[in-house]
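Asks: Task: produce atomic coordinates for the following.
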Amino acid sequence: MAIIIGTAVGNIPLVLVGWVGSEYAIPTMVTVRPSFGIRGSYIATFLNLIQLVGWTAFEIIIMAKAADTISSVTIGYTNITFWIVVFTAFCVAMAIGGPLVIVRYWLERFAIWLVYGTSIWVVYYILSQRSFHELLATEPQGGLPFLLAVDLVIAMPISWMPLAADYMRFSKNSKSAVEGTYSGYFVANFLFYTLGTLFVLGVGVSDPVQAIATVAFGIPALLFILVDETDNGFADIYSAAVSIQNIWPRVSQKLLIILVGLVGMMVALLLPIEKYESFLLLIGSLFIPLFGVVVTDYLFVKRRSYMTEDLYRTGGGYWYRGGLNLRAVGAWLIGVVCYHSIVAYASWLGASVPSFIVAAFIYWLAMDVKK
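Replies: Reported below is the predicted structural model:
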């Protein structure tokens, strides 16, 4: 129930942010401009760049560990640094190819089918060891309130909010973009959270690389991680480059992709990324109230009507005072305080939805008072 409710709720802000981008064919960081101001959107850009470089390193390390496990078992070769370099180069090449090329020639024709096949095999193996009924009848360990469990599931689709419009802007129409994103993410999020649950209950291991390696034919099954993570690494690198172009639109996207990939590789090589994950989650939490402001601005303040030329014009309708809308910044910061207050004093409640609503309401109230 936590998985179903969390996915259903978390998908709503995800598709709303992407919907704004698909309506005007603009990337995510540009959707921030009408509410925060052109220069105000640079705040979101900076935060997004930090988290995307960090997640790039995180994905590269996961892929490198999986490949190193395969090579050490099959041919006795282990070199995590080599695999980090290899997968950095692969993800950079994918990002240079761009979303349309990757979807049509990599995901649709090859990657998705390998993920499907491997996933079905893993589920079959787990259920052949213990029945689904036995797994669900496992004695619970306790310690996690239901609403907090829901919030953890919500965090997954919400983590993609800063990237949503970067890809949904390529859709033929916004209606199909919203329907496809919501239904596709709902099915995938539900199935793979459930698969993770089966892993913990059936195999007793929570680390993904170690868990998949323990099942029958575990080494071929590690291809699941390699294939599944490549599109994540690609998305992080590509969206980081697109985000930077929100500030410096004339810089070559290809050059930015290469630079982001290199920085992500250096982070993967030099920093203990396992400890960095909590910091990445902290950065991600800042986007929940931020996009509460963005969505409210589009739906209720601007009433789904943006002045396209002013999105890029100094002194235009989205310039506010010196390029910054202080009302939006204030509402966002109140939402951030709400988020972390709930985490500190009422974690059982779950912070994502309340902070999103608080930031949205404060912004709507501030802009309404201005009128």
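Asks: Tell me which other helices or strands the host helix or strand of residue 258 touches.
Replies: Under the criterion of DSSP states H and E, residue 258 resides in helix 253-270. Helix 253-270 is packed against helix 41-74, helix 80-97, helix 223-244, with contacts defined by 3 or more C-beta pairs under 8 Å, 6 or more residues apart in numbering; DSSP states H and E. Every C-beta, even on glycine, is put in place using the N, C-alpha and C of the backbone.
Asks: buried ones in the longest one?
Replies: So the one you mean is helix 41-74. Buried residues in helix 41-74, counting neighbours by 16 or more other C-beta atoms under 10 Å, are found at 41-45, 47-49, 51-71.
Asks: Could you do stretch 304-316 as well?
Replies: By neighbour count with 16+ other C-beta under 10 Å, stretch 304-316 contains the buried residues 306, 310, 311.
Asks: With stretch 327-347 instead?
Replies: By neighbour count on 16+ other C-beta under 10 Å, the buried set for stretch 327-347 is 327, 328, 329, 331, 332, 334, 335, 336, 338, 339, 342, 343.
Asks: any idea of the mean pLDDT in the helix or strand encompassing the fourth one?
Replies: Secondary structure assignment for residue 331, by DSSP H and E: helix 326-345. This predicted structure assigns helix 326-345 an average pLDDT of 95.
Asks: What angle do helix 41-74 and it make with each other?
Replies: On the basis of axes from the mean of the first three to the mean of the last three C-alpha atoms, to 10 degrees, helix 326-345 is oriented at 40 degrees to helix 41-74.
Asks: for the helix or strand that helix 326-345 is followed by, packing partners?
Replies: Following helix 326-345 in sequence order, the next helix or strand is helix 352-370 (DSSP H and E). Secondary-structure packing of helix 352-370 (3+ C-beta pairs under 8 Å, 6+ apart): helix 2-24, helix 146-159, helix 273-296, helix 326-345.
Asks: and the gap between the residue nearest to residue 102 when sequence neighbours are not counted and residue 252?
Replies: Closest residue to residue 102 apart from its sequence neighbours, by C-beta to C-beta, 6 or more residues apart in numbering: residue 94 at 5.4 Å. Distance, residue 94 to residue 252, by C-beta to C-beta, to the nearest Å: 17 Å.
Asks: still on that earlier bit, so what's the residue nearest to residue 102 up against?
Replies: Residue 94 makes contact with 102, 106, 230, 231, 233, 234, 237, 238 under the criterion C-beta atoms under 8 Å, 6 or more residues apart in numbering.
Asks: cool, residue 309 as well?
Replies: residue 316.
Asks: Over to it: give its phi and psi.
Replies: Dihedral angles phi and psi of residue 309 (degrees, to the nearest 10) take the values phi -60, psi -30.
Asks: Could you check the pLDDT of it?
Replies: Confidence at residue 309, expressed as pLDDT, is 93.
Asks: Can you pull out the low-pLDDT segments for this structure?
Replies: The model of the chain has pLDDT under 70 over residues 203-221, 224-225, 273-277, 280-281, 370-371.
Asks: Show me the residue at the heart of it, geometrically.
Replies: For the chain, the residue nearest the mean C-alpha position is residue 160 (2.7 Å; C-alpha atoms, centre = their mean).
Asks: isn't that residue right up against residue 14?
Replies: Yes - applying C-beta atoms under 8 Å as the test, residue 160 and residue 14 come out as touching, 5.9 Å apart.
Asks: which neighbours do those two share?
Replies: Common neighbours of residue 160 and residue 14 (criterion: C-beta under 8 Å, 6+ apart): residue 185.
Asks: Number of residues surrounding the closest residue to residue 191 other than its chain neighbours?
Replies: Closest residue to residue 191 apart from its sequence neighbours, by C-beta to C-beta, 6+ apart: residue 119 at 7.7 Å. Residue 119 is flanked by 16 other residues according to other C-beta atoms under 10 Å.
Asks: Just the element for residue 119, please.
Replies: Applying DSSP H and E as the criterion places residue 119 in helix 112-129.
Asks: List the buried residues in that helix.
Replies: 115, 118, 119, 121, 122, 123, 125, 126.
Asks: which among these gets closest to residue 288?
Replies: residue 115 (28.1 Å; C-beta to C-beta).
Asks: where's that closest one relative to residue 340, distance?
Replies: In this view, residue 115 and residue 340 are 35 Å apart by C-beta to C-beta.
Asks: Residue 347 now?
Replies: Taken as C-beta to C-beta, the spacing of residue 347 relative to residue 340 amounts to 11 Å.
Asks: Please apply the same query to residue 309.
Replies: Using C-beta to C-beta, one obtains 38 Å as the distance from residue 309 to residue 340.
Asks: got it, and residue 29?
Replies: Residue 29 sits 24 Å away from residue 340, going by C-beta to C-beta.
Asks: repeat for residue 140
Replies: 28 Å.
Asks: now do residue 96
Replies: In this view, residue 96 and residue 340 are 38 Å apart by C-beta to C-beta.
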